[in-house]
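K.L.:
One predicted model, sequence on top.
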Amino acid sequence: MKKAGYVALLGRPNVGKSTLLNSILETHLSITSPKPQTTRDRIMGIYTENDVQIIFQDLPGFLSVKNKLQQKMTEDIKDGLRDSDYIVFIIESGEKTDDYADMLDLLDKREKVLIAVNKIDVDNSKNDDWEFYAKNKNWDFIQISALQEKNVKKLLEMVINNLPEMESFFYDGDYLTNRSERFIAKEYIRESALEILHDEIPHELFVDVISMKEVKDMLHIEADIIVARDSQKIIVVGRKGDGIKRLGIKSRKKIEDFFKQKVFLKLNVKVKKNWYNDQNILSNIKQDFGVWN
């Protein structure tokens, strides 16, 4: 008999969900950044080892709704929680339960929850209130450092212990994600933009991969970088095009490292005012599925 199930990674922006997922999968699948709201979609990471398969959902960071993009992210969170067999609720060391009333309400009637206190390498607080809260709810509790991989294997064991028994897996054992190759390329371009632009363009940047094909053993990718204002386009392009050149070099290296293949990358910068309220763009975000390994 096998053990398999869906596990949701829930938490506020920049709490370390993506870092934890990458650590478990031992690959850079989910993009990371010091900025909040890095994860906008439900990233699916598939962990398969011996008789165990876990479909991890790296949910968008929980936040208040201010536009249609954030509304979509909130819907993704609720969908992910509904679909999950087990929930890993991640908070930062030193934070208090009183600050998480909205998120704890979402979990109130769930039985299988693990409270994972992350970043203990930065703050070594005892976090007694979280441990007491978990005990009172009959939930699991652990303190970790996803970045330094401290107690990550122990967390994985706790997850496996809470998975249902299954006759077979959901996916073939060599699958890594159910996201499309275009989605992965798009995320690496967006991650590179976040790293290069820092605070100049917070999160008013969207990447759309418009073509991706293999030509003579080289992956040819063309992508549009969409910003909300003309002033942001000037920043992305940079003086004499040096900004977009840097972005192209950094993005191409990440994509080549992941796909183990040479890449030709063409980037266009376009302005679409208030794109984060554009239903056509937001609908396109939901079409990035397609299982691959």
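P.N.:
Right, received. Where do you want to start? Note that the structure is predicted; figures quoted are calculated from it, not measured.
K.L.:
rest of the way, CA atoms for contacts and neighbours
P.N.:
Will do.
K.L.:
Distance check, the residue of the chain positioned farthest from its centre against Phe264.
P.N.:
Distance from the C-alpha centroid of the chain, by Cα atoms, centre = their mean, peaks at Lys240 (33.3 Å). Counting by Cα to Cα, to the nearest Å, the gap from Lys240 to Phe264 is 21 Å.
K.L.:
how close does the closest residue to Asn274 other than its chain neighbours get to Gly238?
P.N.:
Spatial nearest neighbour of Asn274, chain neighbours left out: Ala228 (5.5 Å); criterion: Cα to Cα, 6 or more residues apart in numbering. Note on Ala228: its distance to Gly238, by Cα to Cα, is 16 Å.
K.L.:
Ile144 now?
P.N.:
40 Å.
K.L.:
ok, the two, which is more surrounded?
P.N.:
Ile144 (23 against 14; other Cα atoms under 10 Å).
K.L.:
pretty sure the residue farthest from the centre of the chain belongs to a helix, no?
P.N.:
Yes - the assignment for Lys240 (DSSP: H, G, I helix; E, B strand; the rest coil) places it in a helix.
K.L.:
which residues sit in contact with it?
P.N.:
Residues near Lys240 by Cα atoms under 8 Å, 6 or more residues apart in numbering: none.
K.L.:
Give me the pLDDT value at it.
P.N.:
Lys240 is assigned 89 on the pLDDT scale.
K.L.:
and if you look at the one 5 residues further on?
P.N.:
At Lys245, the pLDDT value in this model is 95.
K.L.:
do the same with the one 4 residues further on
P.N.:
Confidence at Ile249, expressed as pLDDT, is 96.
K.L.:
Next, count neighbours for it.
P.N.:
13.
K.L.:
In three-state terms, label it for me.
P.N.:
Per three-state DSSP, Ile249 ends up helix.
K.L.:
same deal with the one 3 residues further on?
P.N.:
When classified by three-state DSSP, Arg252 comes out as helix.
K.L.:
who's in contact with it?
P.N.:
Applying Cα under 8 Å, 6+ apart, the residues near Arg252 are Ile189, Val263, Phe264, Leu265.
K.L.:
So which of the residues you listed belong to helices?
P.N.:
Ile189 (DSSP state H).
K.L.:
closest to Ile90 among the contacts of Arg252?
P.N.:
Ile189 (26.3 Å; Cα to Cα).
K.L.:
show me what contacts that closest one?
P.N.:
Val207, Leu247, Gly248, Ser251, Arg252.
K.L.:
Sketch out the low-pLDDT regions of the stretch 51-200 of the chain for me.
P.N.:
61-76, 199-200 (pLDDT under 70).
K.L.:
what ranges do the strands span in it?
P.N.:
Along the stretch 51-200 of the chain, the segments classed as strands by DSSP state E, counting those that start in this stretch run 52-58, 86-92, 113-118, 140-143, 165-166, 177-179.
K.L.:
Would you map the helices across the stretch 1-150 of the chain?
P.N.:
17-25, 68-83, 101-107, 128-137 (DSSP state H, counting those that start in this stretch).
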